[in-house]
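Asks: Give the three-dimensional model of this entry:
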Amino acid sequence: SCFNRFTKEYFNTGENVIDGTPCSYDHPSNICVQGQCIQVGCDRILDSPLQEDQCGICAGDGTKCSVQVRKIRKRINKDFTKIFALPRGARHIEVEEKSGNNVTLLMKERKTSMIFLDGASIRSSHYATISEGTKFLYQEKGSSKIVTGRGPLQGAVVVGLKGTSQQEGDFVIKYITK
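Replies: Numbering: from 1, shown residues only. Below is the predicted model of the structure:
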């Protein structure tokens, strides 16, 4: 296992991990070294202050990033109604469902069709899950449901909804690409 003393996260595999194993979804360049999570700059040098910009360019200034924003209203017509596909490589993801209690936000891996986030089965106002190499955080704020993820996505993720037929879902989807 490997322990991150800053975030208090454990990366636990049940056996010793090889030095160089990534140890944080929030800081993907950090690695395990002799059981400790060590800060590494994006230049792969220990304790380097260099960080990736919003779109993943080492020591970048963000000028090559492209912010994507989609506002979508869609009528439910079956068990899973596709809203949008987040592309592989998307970063700083934010999905907001603003429809209220009559619809449920779903997210699934495009490659396997495995649903990894189902708003109907979440029993608290905060929830975390990991899929396609990204830790997704689900939060309820008033009547909105918000899912965020740092990325980059290692595969496409489909955002969808379910609920009573003919209900409408309102979404705002934001993410960054190179």
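
Asks: And the residue nearest the centre of this protein?
Replies: The centre of the chain sits closest to Gly149, judged by CA atoms, centre = their mean, with a distance of 2.6 Å.

Asks: Quick check: phi and psi at Asp79.
Replies: When read as degrees, to the nearest 10, the backbone of Asp79 gives phi -60, psi -40.

Asks: before we move on, what SS does Val17 have?
Replies: Following DSSP: H, G, I helix; E, B strand; the rest coil, we place Val17 in the coil state.

Asks: roughly how far apart are it and Val40?
Replies: Per CB to CB, to the nearest Å, Val17 is found 15 Å from Val40. Bear in mind the C-beta positions are built from the backbone N, C-alpha and C, glycine included.

Asks: higher neighbour count, the two?
Replies: Val40 (21 against 18; other CB atoms under 10 Å).

Asks: burial count for the nearest residue to the more buried one once chain neighbours are set aside?
Replies: Nearest residue to Val40 in three dimensions, chain neighbours excluded: Ser29, at 4.9 Å (CB to CB, 6 or more residues apart in numbering). Ser29 has 18 neighbours, counted by other CB under 10 Å.

Asks: same check, this time on Arg73
Replies: For Arg73, the tally of surrounding residues (other CB under 10 Å) stands at 11.

Asks: Tell me what it is bridged to.
Replies: Asp170 (DSSP bridges).

Asks: so who does it touch?
Replies: 168-171 (CB atoms under 8 Å, 6 or more residues apart in numbering).

Asks: Roughly how far does it sit from Ile122?
Replies: Applying CB to CB to Arg73 and Ile122 gives a distance of 23 Å.

Asks: The nearest residue to Gln39 once chain neighbours are set aside and Val40, how far apart?
Replies: Leaving aside its sequence neighbours, Gln39 sits nearest to Asn30 (CB to CB, 6+ apart; 5.6 Å). According to CB to CB, Asn30 and Val40 sit 6 Å apart.

Asks: Roughly how far does the nearest residue to Val157 once chain neighbours are set aside sit from Asn30?
Replies: If the residues on either side of it in the chain are set aside, Val157 comes closest to Leu86, at 4.5 Å by CB to CB, 6+ apart. Distance of Leu86 to Asn30, computed by CB to CB: 24 Å.
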